[in-house]
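K.L.:
here's a sequence, model it:
(one chain, ligands or ions: 1)
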Amino acid sequence: MADVDVHLLDRGRIEADANFVLDGSTVATASNPNPDLRYEEFLVWNLVIDHPKGTVLWDTGSHPEAGDDYWPAPLYEAFAHVDAGEHDLEDDLAAAGYALDDIDAVVMSHLHLDHAGGLYHFEGTDTPVYVHARELEYAYRSGNTDTGSVAYFPPDFDRELNWSVVRGDHLLYEDFRLLHLPGHTPGLLGARIDRGDETLLVAGDEAYWQENYDGQSMAASLLWDNRAWRESLDRLHELELEHDADVLLGHDTAMLDRFGETW
Ligand SMILES: [Zn+2]
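P.N.:
Residues are numbered from 1 along each chain as shown. Sure, this is the predicted structure:
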């Protein structure tokens, strides 16, 4: 059995309209044609997965200058990472007792700009950066053509990185398996981590909030493929049931209470 600890790093808050996350959260009706919109807080987290075979950083958060004109203005208007500047990756790692030098490998759940903004710390190093093949392809296509998704920002990921490309599920270390969960993006990776009879499922942005995990769809702008998203959700539900697993969701502030600092 792998003696693994998982540390949850609080990387700050994004503020955005709840309609992005809960499709049809606020709808106008005949009796209430101008309802109040819900402007909500979203948690950004990273993980340090401390495994006997290596110390893994899961995602890298937003670039610290996200709100200082680094992110394109229309994107920041829609998804305001209001405190990215107070959440430098090195500081947040230090708060959990780690330094950048301790990181043996990085896993990118996907390459959206609230996840890939800290990759520059690993530029020019030989630290492997795990990513799904379809994610890397889609990110480059999105960044360099007018097809794909605007949520990929090439200055985050178009760097000299030691990419380690996976093509399906991938056993990273003993009891630590990457799961391909397409839907939110083509190459979204989650994880299954086992410790004795305990199981942690890292769902990540497959479900931003608990409501998504319970089946309420995210808006079309956050779903690359709705049918693939449903199938990935079914897969997670089955694993959760089979292993009585804890499930870590992508942007739900309740995760801080549910997991505390360490799993
Ligand atoms: Zn995200």
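K.L.:
let me know the helix or strand that the closest residue to Tyr120 other than its chain neighbours is in.
P.N.:
Excluding the flanking residues, the one nearest Tyr120 by Cβ to Cβ, 6 or more residues apart in numbering is Arg159, at 6.4 Å. In this view, the C-beta of every residue, glycine as well, is placed from N, C-alpha and C. For Arg159, there is no helix or strand it lies in under DSSP states H and E.
K.L.:
Arg159 and His121 touch, don't they?
P.N.:
No - contact criterion Cβ atoms under 8 Å: Arg159 and His121 do not qualify, at 10.2 Å.
K.L.:
hmm, back to that, what about the residue nearest to Tyr120, neighbour count?
P.N.:
15 (other Cβ atoms under 10 Å).
K.L.:
and for Asn144?
P.N.:
Around Asn144 there are 12 other residues, counting by other Cβ under 10 Å.
K.L.:
and it, how far is that from the ion?
P.N.:
21 Å (Cβ to the ion, to the nearest Å).
K.L.:
gap between that residue and His51?
P.N.:
35 Å (Cβ to Cβ, to the nearest Å).
K.L.:
all strands for the stretch 151-263 of the chain, in order.
P.N.:
Along the stretch 151-263 of the chain, the stretches classed as strands by DSSP state E, counting those that start in this stretch are 162-166, 170-173, 176-180, 189-195, 198-204, 246-249.
K.L.:
for Leu75, find the nearest of these.
P.N.:
With Cβ to Cβ as the criterion, Leu75 lies closest to strand 198-204 of the strands of the stretch 151-263 of the chain, at 19.7 Å.
K.L.:
so which bits of the closest one are buried?
P.N.:
Across strand 198-204, burial judged by 16 or more other Cβ atoms under 10 Å covers Thr199, Leu200, Leu201, Val202, Ala203, Gly204.
K.L.:
which ones are touching Glu240?
P.N.:
Listed by Cβ atoms under 8 Å, 6 or more residues apart in numbering, the contact partners of Glu240 are Leu201, Val247.
K.L.:
for stretch 225-240, the distance to its chain's centre please.
P.N.:
In terms of Cα atoms, centre = their mean, to the nearest Å, the centre of stretch 225-240 is found 16 Å from the chain centre.
K.L.:
what are the buried residues along that stretch?
P.N.:
Of the residues in stretch 225-240, Ala228, Trp229, Ser232, Leu233, Arg235, Leu236, Leu239, Glu240 count as buried by neighbour count, 16+ other Cβ under 10 Å.
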